[in-house]
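Asker: pasting the sequence and the predicted model now:
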Amino acid sequence: MSNEFETSPEVLEIIDKCSNKDKLRHTLTFIYKRLDTEGTPLRGHMWQSLCNHVAAMVERSVSGEKLEGFDENMFDEIGIESKSFARDVTASIGNLANNESLLLSVHFERAKIPS
């Protein structure tokens, strides 16, 4: 198991642009370790996409901006484990709308699919 998340120039740029770098690094480390422990790590562009998404969540947490509503039924096929993990991440970031976790859960569900 890795102690630190995967970095690339693109991921480092995402972190550098974030207004709360510490929260973003902490959250990405938590996600990376858990995915690695579960044997479903994200790599390359999928990890970069997740990092970008989490950075945007951290920014919304700071600004108080909320996502517009959407049809939550679109996420019915996402597994309970992915949704639970996403709720844990969303709660740890704090100050986010409940529907944020549904969007995040797609990344975790995708991690389960062999590449």
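Answerer: Nice, I can see it. Numbering: from 1, shown residues only.
Asker: CA atoms for contacts and neighbours, from now on please.
Answerer: Fine.
Asker: check contacts around Gly79.
Answerer: Glu109 (CA atoms under 8 Å, 6 or more residues apart in numbering).
Asker: next: the one 4 residues further on.
Answerer: Remark: with contacts taken as CA under 8 Å, 6+ apart, Lys83 is in contact with 101-102, 105.
Asker: so which of those residues wins on neighbours?
Answerer: Most neighbours among the contacts of Lys83, by other CA atoms under 10 Å: Ser105, with 23 neighbours.
Asker: from the middle of its chain, how far away would the helix or strand hosting it be?
Answerer: For Ser105, the host element (DSSP states H and E) is helix 100-111. Remark: helix 100-111 is offset 7 Å from the chain centroid, using CA atoms, centre = their mean, to the nearest Å.
Asker: now the end-to-end length of stretch 9-25.
Answerer: 15 Å (CA to CA, to the nearest Å).
Asker: swap in stretch 35-50?
Answerer: Stretch 35-50 end-to-end distance (CA to CA) = 12 Å.
Asker: correct me if wrong: Pro41 contacts Ala111.
Answerer: Yes: in this structure Pro41 lies within contact range of Ala111 using CA atoms under 8 Å: 6.4 Å.
Asker: shared neighbours, these two?
Answerer: In contact with both Pro41 and Ala111: Leu35, using CA under 8 Å, 6+ apart.
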